[in-house]
Each structure stands twice: as structure tokens, then as C-alpha cells.
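Enquirer: everything below, folded, please.
(chains A and B)
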Amino acid sequence: MSRINLDISLVERARRAARGIADGIEPDINASTTTTIERTVLRLLGINGIDENGVPLPNVIVEQAQAAGILGDGIAYWIGSAMVHEGQSAAEVARRIARGDLRLEEIHPADEKAVREAIAPEAARMCAHIKGRRLERERLIEELDAATPPYIYIIVATGNIYEDVTQAKAAAKCGADIIAVIRSTAQSLLDYVPYGPTTEGYGGTYATQANFRIMRQALDEVSRELGRYIRLVNYCSGLCMPEIAAMGAMERLDMMLNDAMYGILFRDINMRRTFVDQRFSRMINAYAGVVINTGEDNYLTTADAYDHAHTVLASQFINEELALRSGLRPEQIGLGHAFQMNPDMTDGFLYELAQAEMARAIFPDAPLKYMPPTKYMTGNIFKGHLMDAMFNLAGVISGQTIQLVGVLTEHIHTPFLQDRYLAIENAKYIMNNARHLGREISYRAGGEMERRANEVLTKATAMLEQVAEIGLMSAISQGMFAGVKRDPRGGRGLDGVVKKRDGYYNPFPEIFMRELSSPAFSPKLWRVQAQAQAQAQAKTKTKTKTKAKVEAPGPMQAQAPVESQAQAGERMDSGALPHVAGGEGGCGR
Amino acid sequence: MTVSGVNLDLTRVRPYGDTLDDGWVQMSLTLPVPSGPEATRAAEALCEKMGLDDVRVVYSRDIAGTFTFFVVYGKCVHSVDFTAIKVSKVNMRHMTFDEINEFIATCIGRKIVVVAACTGSDAHTVGIDAIINMKGYAGEYGLERYPWFVAYNLGSQVPNEALVAKAIEVGADAILVSQVVTQKNVHIDNLTNLAELVEAEGIRDKVLLIMGGPRIDHELAVELGYDAGFGPGTLPSHVGAFIAQELARRMGVWAPAEKA
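Expert: Residues are numbered from 1 along each chain as shown, chains lettered A, B, ... in the order given. Got it, this is the predicted structure:
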């Protein structure tokens, strides 16, 4: 039940407009594939690794196919044809193609049915693997998760994955629930995914499958130690959205940043490329049980947070609609927004809270991602710490789900270890101290907060209806989002958009969408959490901190490290998990 | 100069806590050792080496079992000679939007062309957008809005070569480069590279080369061979006024008034 009165008819109109907007780009999404989608198909068929020049094998093969003009058939069709004729596995023919022993354009096209029969077991193996990882997560959450939202989300970004591990573990022990590893600057513009563990990066650490695995393993260790499941986040944005989504699915990442328009507006990636890529990447996220985080907070880093609040809401509606079309459930759609108003503004907190309550009311099932003040952080760490406290208060009162905790030294440097500790301490203090304050509050009918929320909703609805009328691509080219104008033929990556030919074959969307629409695929993890949340809210105890479980859980699926990435689908060994019994550990104990 | 009725010796300035010359400073630090009396003593010893007397660890806290965070007070034994401090600052007189436009119209008589970008791997356009884009920052319009400026904002992750090529193409009077990411001093390499390129292309004396960013100051700019460096808190009018005045000065049509 919403605490703030909104004009529900406007919400309905906005959603209808968002559907119209998505309808407008749907034909292009369906008619096209991209180089990164085809590379993803190869990765999902277990083809990974690099050649002697360090180029990832999926890139080597897809570049050959594109040069030969056959990518529009789907790389799976040609790999399948080679498998039929050569009698070898996908990984084997891929290695031969990459080495040049087998030339793609010389492969004889095989019968479609035979291709499907050859590919099906390989695809099924990867699907089973991803579902296995998903089940692992659900079990771990069931056994360990004791956190209640807002989840404390903390960023690490040293450039060195091993240093990141040290910082992530320390942050988890201080109370972080979610660890995000920030990517190296400009990775979003690389048209390949770097390979292997990395120790050098600028402003962050490269997203590689090996790095994902290293961090996941470290966080699993610390989860067991603390008796609390620590979630891992990375980015599937940029020119390799679906490839990174696939890596995240294989390595059990829990959340991925995935926005339908961010790359277009803020990284000048071609809009057609982005729209096509986001669809497949989100299908993978959906199938893997990943929660996506959208990037609406970015609208407010330059635009004024009060004047442009409606652009955030409009984008949330669009992101929601496009996510639903990729098979994501509302519980997996972490729509983004931010606490970015000028701190000198009279009643700024009132307006921030009004907008946070508005988002909560409009998207009741979404695990909303709330971003901290950054724009007006000045280097005055003392005032910055207070601004972060106000942000945390707004987050806990309005029931946000994912709270990206602000750090007092924002604007100065990537956080020191102690900065993170102080930030988490701030969040935990406020979220505990004001835990149930929100449910005692109802906002005055006809009051300023209600007026403000409806004003933002009205403007967003009008904007969406206008966008629906002219089409999303022209709206973006006219600068309607973030004041940035992008040409449908401009930006990076358009050369990687390929028209599908008749008989195009990619086995995965079919499998994903079929299984996702089946009721048996219900995401248990979110059901369990919803129950925990409801129970926590039902309690009216003054002491609300849930004691972490200390009993040893039953045997769980252990995740074996991937020895051969080419055979990622075969490593579902199970075994008893060594469990370290203990309390929460952490700060000041 | 007197403080609290006492004559202040500007050649020996020390921190002010609550009494002149008491030297008190406040700081926080983390040591990679587990908390306990030994850790506290280690922090005290370290602070003494840093030149603090009467060191007081007022707070210490274990972080993750392997680190200890400290809040420390101490009296600084050092002092500085304030009279000997010299800082190179961007030399300009502040002007408003209208004053700048009028100044250009009168003194220069043509529009000033600037090209701007966030170059290298840096993807953060917040700074350059604030200075250049129409909407500007903190209530001030960006240079695009100035009728007497023609501003090209090339955006982020622009190769230095592309920025220089654009400057040559449009006959720019000024090149503005923004650098936000400074991890491992990546900005220094990139800024040096840009200065070298401008030199190599033979346009160094034709353009004002200007850098900006949260960790940039004028001293760094001068050191790297730039004409000016703008740090945090810079507004579009600061940059606009500098460009207009410096250009007019170089053209010999205007000279800054002598300071009284």
C-alpha cells in the first residue's frame, strides 16, 4: 500500500506509452543480431580462451564470419554445420576455425534439422550449468541470508582483482551486503572482453570471467564466515552487454548493471546496437536469476535533480517495459534513481523523499537501486558524511532495496578502506535506528510531497507520450534524454549490427524464453526474500537486528573452479561445503 | 596582523586549535595491523615521526580483524613562513557573462573559437560539460551559450590526436582538456602527450592550452607547459574571462590594470 497518494490513471497512461515506445523498436530488435550477440552464442557453447595474439576466440571466429558475410545466418548455424560434417564438438571445431585449420566460408551448409540436433546438447549443457549456478545462489540465500533491505551496496575499484578481494572482504565484514567491482575506465568501449585475471586498471578493474570467478570465490568464503550471503555485482553495459551477461551467469554474479539507454547517451554507443544487445543480455540475466540495476541516476549528474526528476521516471518506465520483454520479472528489475538535489535547497530533503516514495509506489515489486549524492560532494568530508546520512535516512524511510552507500570522500579519490568502513557505519546506524520509521508515516493528503510526486509523474507521463508519438530513436536524436543528442547512424558499434537472414539460428533465446515463461521457473530466491521481509516487518521488537545463523547447514552444492573454460558446462561436481561456524565477525569485535 | 589580540608572527605560522599557536591538528588513518594496545602505540609513534607532539589517539576501531582505524590529535611542532609562500595563480580579472561578451566584442572584435574534450581513456564529461554545455553549472551558462564564443565539445574518450586535429580544422583560439580520472597519474601522461602533440603540430603559439579537473591546479598546468589550469569550483565565466583576457593581452589590444 502506497504511503503517498498518486494519480493511478497517470501510472497506467505512462505504462501504456512505454509499451508503445518499446513496440516502436521491437521490429529492429527482432530483425537484427550483432557481433557481440554472436560471440555470446559461442561463449554459451563453451567456446572461450584467446589465440596466440591474445584475441578472444569468440572475436576471432565472429570476425571471420562477418568478413565472409555469413554472420546473418547466426554463428550457431555454421558451428553446427561444421560439427555435422566434421563429427566434432563445438569447442573442437571452434579451435580449428580460430587456428585457421578449418575455414568458415568453406564449411558446407548442413541441413537445419541436423544443425539443431548437433547444437542442442551443447546448448542444453550450458543451460543446465547456468540453472545450477542459480540454484546454488538460491540455496545459499536460503541458508545464509539474514539481511533486510535496504541492502548495503559498496564499490571496490583498485584495478587489481586481488587487492579488490582484500577490500571487498573487509567491506563485507564491516556490514556490506553487496559488492560491486567497478570496471576499468573505457572498458565499455572495448569490442571484446579481456581475458584472465588482471592486476592493472584505471579507475577500476577489468571485467573478465577469471576476475568474476576470483571475486565470487572470495565472497563465498566470506559469506560462510559471516553467515550472510554477500552478493556480487558487475556491469553488462557497453559494447559487450550480452557477453558479460553470459560470463556473469556462468560465474554466479547476483546483480548486473544493465540499462537499455545508458550506453547510447553516456558512452556514445550506437542506439540500434544497444537496443539489440540489451534484449539478449537481459534474457541471459533473466535466466540466470540476476537482478539488473538500471542507470537512471546518470541523468542527474549534470542535469538538475529537481528540474529533471521526470526524465528519471520516464526512463524507468522504458527500462521496465524493455526488461519485461526480455523475460525479467519485476523482482529482477532494479530501477535506478538518485539523491542528487542541491543541498542548499530549502526543503530539498522533502522533495528527495517525495521522489523516493513515488518510485517505491509506482514500482512496488522492483528492488529499487538508490544512488547517493555525488554531484554536490565537495571534498568537505564532514558535510559529505552528513549528506550521506540524509540519503540513508531517505532510503530506509521509503523502503529502497539496494542502497549504494555514499562515501564521505566522494569526489576526492577512490575510497580508502577506512572511508568505506565509515560509510557502512553511517548506513547501518541510520538503517537500524530508523528501521521501522517509514511504516509509521503517511504523507498529508494534498500536501507538498503529494503535490511534488504527482508533478513529477505528470511530467514523466507527458514526456513518455511524446516519445511514443515520435519514436524512441528520434526522441534520443532530439536530445530528449539527458540533453544528449545521438544519431541513429552515429556512435560506436553500428558496424557490428547485422541483419538476420532467413533461417537465422541462435538456440538460446528460444530456450530461455520458453523456460522463463513456465511457472516452474519461478524465482524462488525472491519469494524467500519477500517472506523474510514480511516477517521482519511483522515483528515490532525494538531490537531488530537478526542474529546470523550459526548452525552448520546441510551439504550444499560446491562450485568447482573452472579448469577448462571451453568445457564450462561440465563442471557441476557437487560435494559437501566446508562450513565455518561463527558469528558475524566484522568491525569492532 | 593580530589574532585574538596577539601579534601574529607570519614567518612562523602553526595550526590553530583553540588557542593561537597551539599547533593542534586532527587526522585519521588506518594501519594494516589488528587493533589493540600495540596498534595504538604504533599509531602514536608514527604520528610523532610525522612531527606531532602530545599525540592523542582519541578513537580506534578494528576493521575486518586485520586493520585498525584511528582518529588522532596532536600538536604540530613545525611551522611555516607565510611571507615566503608564492603560488602561481591564473592571472585574470573576474567578469560576468555580459562583461565577457562585451569585452570580446570591443577588444577582439570576432568570436573566440574553443575546442574541448575529455581525452584519453577518461569517460567523465561532468567537468567539461559544466564549462562548455549550454546549460552550464551552478546557475551559470556554459560557453556554448555565450554569443561571442564558438565552442566545440567533443565529449569523452577522445584521442588527443582528434582534439588537436579539430583545433586545427576550426582554427581554435583555445584548447580545453578535462581530466577526471587521476588514478596512477594517468592524467599526467595524457596531458603531457597532448602538450607534445600541440607542439609537434606547430600550433603551440596559436592556441591557449588549458586544463581542468578536480585534481588539477594552475601550478601543474604551468609545469606541464599549459597556459592555465582550473581546479574544483571553477565556473564557465572563470574560464571564459581568462581566455578573453589572455587572448586580448597577446594580441596587444588590452593589458590588465596594475593592482593597487
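Enquirer: which parts of chain A sit against chain B?
Expert: Near chain B, the residues belonging to chain A are A:159, A:169-171, A:173-174, A:185-186, A:188-189, A:202-203, A:266-268, A:301-303, A:375, A:378-379, A:411-412, A:414, A:416-418, A:421-422, A:483, A:585-589 when assessed by CB under 8 Å from any CB of the partner chain. Where C-beta positions appear, they are placed from N, C-alpha and C, glycine not excepted.
Enquirer: make a PyMOL selection of the buried ones in those residues.
Expert: Those of these that count as buried under 16 or more other CB atoms under 10 Å in any protein chain shown are selected in PyMOL with:
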select buried, chain A and resi 159+169+170+171+173+174+185+186+188+189+202+203+266+267+268+301+302+303+375+378+411+412+414+416+417+418+421+422+483+585+586+587
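Enquirer: which phi and psi does the residue in the stretch 51-200 of chain B that chain A sits nearest to have?
Expert: In the stretch 51-200 of chain B, the residue found nearest to chain A is residue B:64; the distance is 3.8 Å by CB to the nearest CB. When read as degrees, to the nearest 10, the backbone of residue B:64 gives phi 60, psi 20.
Enquirer: same deal with the one 4 residues further on?
Expert: Main-chain dihedrals, residue B:68, degrees, to the nearest 10: phi -130, psi 130.
Enquirer: contact partners for it?
Expert: Shown here is residue B:68, whose contacts under the criterion CB atoms under 8 Å, 6 or more residues apart in numbering or on different chains are B:30, B:31, B:33, B:34, B:35, B:36, B:39, B:40, B:43, B:60, B:61, B:62.
Enquirer: one step back: in helices, which of the residues of chain A next to chain B fall?
Expert: For the residues of chain A next to chain B, the ones inside helices are A:169-171, A:173-174, A:266-267, A:301-302, A:417-418, A:421-422, with DSSP state H as the criterion.
Enquirer: surely residue B:226 meets residue B:191?
Expert: Yes - counting by CB atoms under 8 Å, residue B:191 is a contact partner of residue B:226 at 7.5 Å.
Enquirer: now do the shared contacts for the two.
Expert: Jointly contacting residue B:226 and residue B:191 under the rule CB under 8 Å, 6+ apart are residue B:211.
Enquirer: give me the more crowded residue out of these two.
Expert: Higher neighbour count among residue B:226 and residue B:191: residue B:191, with 27 against 21, using other CB atoms under 10 Å in any protein chain shown.
Enquirer: so who does the more buried one touch?
Expert: Contacts of residue B:191 (CB under 8 Å, 6+ apart): B:177, B:179, B:211, B:224, B:226.
Enquirer: who wins for most neighbours among those residues?
Expert: Counting neighbours by other CB under 10 Å, the top entry in these is residue B:177, with 28 neighbours.
Enquirer: what is it paired to in the beta sheet?
Expert: Beta bridges link residue B:177 to residue B:117, residue B:211 when assigned by DSSP bridges.
Enquirer: can you flag the buried ones in the contacts of residue B:68?
Expert: By neighbour count, with 16+ other CB under 10 Å, these hold B:30, B:31, B:35, B:39, B:40, B:43, B:60, B:61, B:62 as buried.
Enquirer: closest to residue B:147 among those residues?
Expert: For the buried ones among the contacts of residue B:68, the minimum distance to residue B:147 (CB to CB) is 52.3 Å, reached by residue B:30.
Enquirer: does that closest one count as helix, strand or coil?
Expert: The three-state label for residue B:30, taken from DSSP: H, G, I helix; E, B strand; the rest coil, comes out as strand.
Enquirer: touching, it and residue A:420? I think so.
Expert: No - with contacts defined as CB under 8 Å, residue B:30 does not count as touching residue A:420, sitting 10.4 Å away.
Enquirer: helices of the stretch 151-300 of chain A, start to end?
Expert: A:161-174, A:209-226, A:241-250, A:262-267, A:271-288, A:299-302 (DSSP state H, counting those that start in this stretch).
Enquirer: show me where chain B has strands.
Expert: Taking DSSP state E to define them, one finds strands in chain B at B:2-3, B:6-7, B:24-31, B:52-63, B:67-76, B:112-118, B:149-153, B:174-178, B:208-212, B:228-230.
Enquirer: so what strands line up beside the last one?
Expert: As defined by DSSP bridges, the strand partners of strand B:228-230 come to strand B:208-212 (parallel).
Enquirer: show me what the mean pLDDT comes to for the strand it pairs with.
Expert: Per-residue pLDDT values over strand B:208-212 give a mean of 95.
Enquirer: can I get the CA coordinates of it in CSV?
Expert: Listed in CSV are the C-alpha atoms of strand B:208-212, where the atom choice follows Å, rounded to 0.1, in the frame of the first residue of the first chain:
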residue,chain,number,x,y,z
LEU,B,208,45.8,28.8,-25.4
LEU,B,209,46.2,25.4,-23.9
ILE,B,210,44.1,24.9,-20.8
MET,B,211,43.5,22.0,-18.5
GLY,B,212,40.8,21.4,-15.9
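Enquirer: which residues touch it?
Expert: For strand B:208-212, with CB under 8 Å, 6+ apart as the criterion, the contacting residues are B:127-128, B:131, B:173-179, B:191, B:194-195, B:198, B:220-221, B:224-231, B:234, B:239, B:242-243, B:246-247.
Enquirer: for stretch B:240-259, same thing?
Expert: Contact with stretch B:240-259 is made by B:90-95, B:97, B:99-100, B:103-104, B:107-108, B:112, B:114, B:143, B:146, B:148-149, B:173-174, B:208, B:210, B:227-228, as judged by CB under 8 Å, 6+ apart.
Enquirer: could you report the neighbour count for residue A:229?
Expert: Residue A:229 has 23 neighbouring residues, counting by other CB under 10 Å.
Enquirer: how near is it to residue A:433?
Expert: Here the criterion is CB to CB, to the nearest Å. By it, residue A:229 lies 24 Å from residue A:433.
Enquirer: same question for residue A:464.
Expert: Counting by CB to CB, the gap from residue A:464 to residue A:433 is 38 Å.
Enquirer: what of residue B:155?
Expert: Relative to residue A:433, residue B:155 is positioned 44 Å away (CB to CB).
Enquirer: more neighbours: which of the two?
Expert: Regarding residue B:155 and residue A:433, a neighbour count based on other CB under 10 Å identifies residue B:155 as having more, with 18 against 11.
Enquirer: look up the closest residue to that one, ignoring the ones flanking it.
Expert: Distance criterion CB to CB, 6 or more residues apart in numbering or on different chains; nearest residue to residue B:155, sequence neighbours excluded, is residue B:125 at 6.0 Å.
Enquirer: correct me if wrong: the one you found contacts residue B:158.
Expert: No - under the criterion of CB under 8 Å, residue B:125 is not in contact with residue B:158, lying 10.0 Å apart.
Enquirer: overlap of the contact sets of those two?
Expert: Taking CB under 8 Å, 6+ apart as the contact definition, residue B:125 and residue B:158 share the neighbouring residues residue B:118.
Enquirer: more crowded one of those two?
Expert: When residue B:125 and residue B:158 are compared on other CB under 10 Å, the one with more neighbours turns out to be residue B:125, at 25 against 21.
Enquirer: thank you, goodbye.
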